[in-house]
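Colleague: please find the sequence and the predicted model below.
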Amino acid sequence: MKKIISVVFIALFSFGILSAQTVTRAKQFNTENGLAIQGYDKIAYFTLNKAVEGQKKHVVSAEGIKYYFSTEANKNLFLKDCKK
């Protein structure tokens, strides 16, 4: 019986930690509905020095967060950086 209670306690504790991490990640990545930086192309901020809206056809999902890019080239730059 003690073993079952311990397992349930650990499971509930783990769920609480994961939920807190999800909320923290959403704030850090400025996500809304799992979409990073409200759909703007994060590579364009650095290559064009301005905010450019991404397109749904150029999407990457990384660590549970979706990123939209304005071009396939920007998407590939992001993917290349993720592999490092």
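Modeller: Good, I have the coordinates.
Colleague: so where do the helices sit in the chain?
Modeller: 2-28, 44-47, 72-82 (DSSP state H).
Colleague: ok, His58 - contacts?
Modeller: Counting by Cβ atoms under 8 Å, 6 or more residues apart in numbering, His58 touches 68-72, 74-75. In short, each C-beta sits where N, CA and C put it, glycine included.
Colleague: kindly report the same for Tyr68.
Modeller: So Tyr68 contacts 35-36, 39-41, 53-56, 58-59 (Cβ under 8 Å, 6+ apart).
Colleague: any regions of the protein where pLDDT drops low?
Modeller: For the chain, the stretches with pLDDT under 70 are 1-30, 32, 84.
Colleague: picking up where we left off before, out of the contacts of Tyr68, which are inside strands?
Modeller: Applying DSSP state E to the contacts of Tyr68, the entries found in strands are 55-56, 58-59.
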